[in-house]
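Undergrad: below is the sequence, then the predicted model.
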Amino acid sequence: MAEVRAEMVANVWKIVVSEGDTIEEGDTLVILESMKMEIPVIAEDSGVVAQLKVAEGDVVQEGDLIAVIE
């Protein structure tokens with residue numbers, strides 16, 4: 001199991017994957033927006049998206065859980 005966490009304070013601009021999706025290392029999970037820049041959150045492991053902990057429009061703080069990959 002791998003936890004994907006926010007690396008900065010940002011808005012969740014777009015969610016690219018859904019719970020249950022099979023992903024590969026390097027796939028984009030969500031796109032964050034901070035100071036008019038789009039920041040993709042990339043999977044560091046292959047697996048299945050077990051949980052998505054954010055919704056579009058949410059504000060995440062550094063260290064917040066975004067997703068769980070199994």
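TA: Alright, I've got the coordinates.

Undergrad: any idea how far Ile66 is from Pro40?
TA: Counting by C-beta to C-beta, to the nearest Å, the separation of Pro40 from Ile66 is 12 Å. Where C-beta positions appear, they are placed from N, C-alpha and C, glycine not excepted.

Undergrad: comparing those two, which shows the higher neighbour count?
TA: Ile66 (21 against 13; other C-beta atoms under 10 Å).

Undergrad: give me the element Ala67 is part of.
TA: strand 65-69 (DSSP states H and E).

Undergrad: please write out the alpha-carbon positions of stretch 54-70 in CSV.
TA: Taking Å, rounded to 0.1, in the frame of the first residue of the first chain, the C-alpha atoms of stretch 54-70 are listed here in CSV:
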residue,chain,number,x,y,z
VAL,A,54,-9.9,14.7,-2.2
ALA,A,55,-12.6,16.2,-4.5
GLU,A,56,-12.2,18.8,-7.2
GLY,A,57,-12.2,22.2,-5.6
ASP,A,58,-10.7,21.0,-2.3
VAL,A,59,-7.8,22.9,-0.7
VAL,A,60,-5.0,20.6,0.4
GLN,A,61,-2.3,21.4,2.9
GLU,A,62,1.3,20.1,2.7
GLY,A,63,1.2,16.4,3.8
ASP,A,64,-2.5,15.9,3.3
LEU,A,65,-3.5,12.4,2.0
ILE,A,66,-4.6,12.5,-1.6
ALA,A,67,-4.9,8.9,-2.5
VAL,A,68,-4.1,5.3,-1.4
ILE,A,69,-2.7,2.9,-3.9
GLU,A,70,-2.7,-0.9,-3.4
